[in-house]
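Asks: Here is a sequence with its predicted model. Questions after.
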Amino acid sequence: MNLEYRNSDLYCQNRLLSRLADEFGTPLYVLSSKAIKKSVRDFLAEFEVKNVPVKIHYSVKTNPVPGFLKILKQEGLGVEVVFDHELELSSRLGFKDNDIVVNGPSKTQEFLERLRDRQVKMVTIESPGELMRVKAASDKFSKSINVGLRVCPGFSFAKMKPTLNSSAKDSPYGFLPDSSELWEALKEISRSKKLRFVGFHMHLGSGIRDSRPYKKAFLILEEIIKRASQIGIKSQILDIGGGIGVSAAPLLTVSQMAKSTIWKKHIKLQSNKKSSLLREVAEGLAQLLDRLEHSGNPIKEVLVEPGRILSGPTQILILSIIEVIERFNGQRFLICDGGAMSLSPLLLTEYHKITPLKLQDKKLVNYTIFGNLPTSLDKLSSSLPLTPVNQGDRLALYDAGAYFIPMNNNFAGPRPAIFLIDGRDSGLIRRRETFEDLYKRDLM
């Protein structure tokens, strides 16, 4: 986002953020349409440099706010849905069948039957049992259903970096490359009159900061595609999933989490430089497509399903300081009106830059920042150096556009409002939760 200080006050695109906080209260999410469009352009540009034509299917679960998804639709993006309500939301927002990929291991019979009169781009099958459910549902359809198989590469790189959480051999998600189940599933699909095989899918994990897992998985997918072709099963689509990390808000390693939680040390951002990860993934993908082309197995369409890398940098969170506490040993604590137990548990496992909305021209002071719940788990940051702040001051937490809103709960009170900065059309796209919202489903 375009955030800058002017005379010590923090602005976003000519909007004084403290004024938004005064008007709409805190916690308050501020989202930028300009930042969203830039994020999409920057993402696609890395693939365009390598002449790889990709179609983005944004992971709806990452930020399922209708006002946000509408901007992505205007930019020509598709969506990746996992649950029935995400499919319904995408349809109501005008995403066409060809804009929708259906993933996830929890496709119930009822969910699958919702696809009866639809022909979405691909329904990814993750297990033999799910294949049977999809096949049973499709027998009642008048149209064929486009299906793909999810491949679990079956490897892990570093146990102390828990980001490849979907690619290990003991993962329950997807078919292992050397399993008989994969080839039996392909044959079962080829025999079906209602299932139309279109390609393969993978998803390695979340917050990945190294291109090597992608490149290794590409080699595995290449061999599977070639072998499937030899038995007459051609792949049109290659879906490489998401999981690409954000350099500005990385997932912490196990040792970094221990340093922050147990020893209460501040975790510094490792690098402010633009990450080359996406460029390296695009390069590996270009090489894969070239090899498949030369082997007589051209891929017609490449899909990618980014979440945090696309939306993370497009949104900030404004918090108010309820109390400043100083202990006899010199420790200073800030109590804010939201924390990890209400805004997002990812605050315990991710690095997020935090700055005051108004800078003081004084020496930096270390603060450990908590939310408003009486538990040490409701934390935002440990020993964070800030210019001095007081009760009533506001803080901005950066890169809050991924998983914050869907992981919000009302444990500490009503959930926050969301303000969209969009030129003349700026305004709330979600109002703050009220007492009536919290209890409208209870039978009093």
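Replies: Great, that's in hand.

Asks: now the strands for the stretch 301-444 of the chain?
Replies: In the stretch 301-444 of the chain, the strands defined using DSSP state E, counting those that start in this stretch lie at 301-304, 315-326, 332-336, 354-356, 365-370, 379-386, 394-397, 417-421, 427-430.

Asks: most packed of these?
Replies: strand 394-397 (a mean of 24; mean count of other Cβ atoms under 10 Å). Placement of C-beta: from N, CA and C, glycine included.

Asks: give me every residue that touches residue 183.
Replies: By Cβ atoms under 8 Å, 6 or more residues apart in numbering, residue 183 lies in contact with residue 231.

Asks: With residue 40 instead?
Replies: Contacts of residue 40 (Cβ under 8 Å, 6+ apart): 56, 72, 75, 77, 310.

Asks: Against residue 339, how distant is the second one?
Replies: Okay, so that is residue 72. 29 Å (Cβ to Cβ, to the nearest Å).

Asks: So, low pLDDT: which residues of this structure?
Replies: Under the criterion pLDDT under 70, the flagged ranges of the chain are 157-164, 269-274.

Asks: Helices of this protein, residue ranges please.
Replies: Assigned by DSSP state H, the helices in the chain fall at 17-24, 33-49, 66-74, 84-92, 109-113, 128-138, 180-191, 212-230, 254-261, 277-294, 308-311, 404-407, 435-439.

Asks: domain ranges for the protein?
Replies: Domain assignment of the chain by automatic domain parsing yields the ranges 3-31+313-439, 33-311.

Asks: Looking at strand pairing, list the partners for residue 334.
Replies: residue 324, residue 369 (DSSP bridges).

Asks: Residue 276: how many residues sit nearby?
Replies: Residues contacting residue 276 under the criterion other Cβ atoms under 10 Å number 12.

Asks: my read: residue 321 touches residue 386, true?
Replies: No - using Cβ atoms under 8 Å, residue 321 is not in contact with residue 386, being 10.4 Å away.

Asks: Which of residue 72 and residue 339 has more residues huddled nearby?
Replies: residue 339 (27 against 24).

Asks: was I right about the more buried one contacting residue 380?
Replies: Yes - using Cβ under 8 Å, residue 339 is in contact with residue 380, at 5.6 Å.

Asks: what residues do these two have in common as contacts?
Replies: 347, 369, 370, 371.

Asks: Show the contacting residues for the residue lying closest to the first one once chain neighbours are set aside.
Replies: In this case it means residue 347. The spatial neighbour of residue 347 that comes closest, neighbours along the chain excluded (Cβ to Cβ, 6 or more residues apart in numbering), is residue 340 at 4.0 Å. By Cβ under 8 Å, 6+ apart, the contact list for residue 340 reads 346, 347, 348, 371, 377, 378, 379, 380.

Asks: From the contacts of residue 40, keep the buried residues only.
Replies: With burial judged by 16 or more other Cβ atoms under 10 Å, the buried subset of the contacts of residue 40 is 56, 72, 75, 77, 310.

Asks: got a list of what the residue lying closest to the second one once chain neighbours are set aside touches?
Replies: Excluding its sequence neighbours, the residue lying closest to residue 72 (Cβ to Cβ, 6+ apart) is residue 58, at 5.3 Å. In this structure, residue 58 makes contact with 69, 72, 77, 78, 79, 80, 305, 306, 307, 310, 311, judged by Cβ under 8 Å, 6+ apart.

Asks: Tabulate those in TSV, adding columns for distance to residue 294.
Replies: Converted to TSV, the contacts of residue 58 look like this (distance: Cβ to Cβ, whole Å):
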residue	distance to residue 294
69	38
72	35
77	30
78	29
79	33
80	30
305	27
306	28
307	33
310	32
311	36
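
Asks: picking up where we left off before, right, and the strands of the stretch 301-444 of the chain - which one's nearest residue 145?
Replies: strand 301-304 (17.0 Å; Cβ to Cβ).

Asks: Show residues contacting the closest one.
Replies: 47, 52-57, 78, 101, 121-122, 199, 201, 236-242, 285, 289.

Asks: filter those residues to the buried ones?
Replies: Buried subset of those (neighbour count, 16+ other Cβ under 10 Å): 47, 52, 54-57, 78, 101, 121-122, 199, 201, 237-242, 285, 289.
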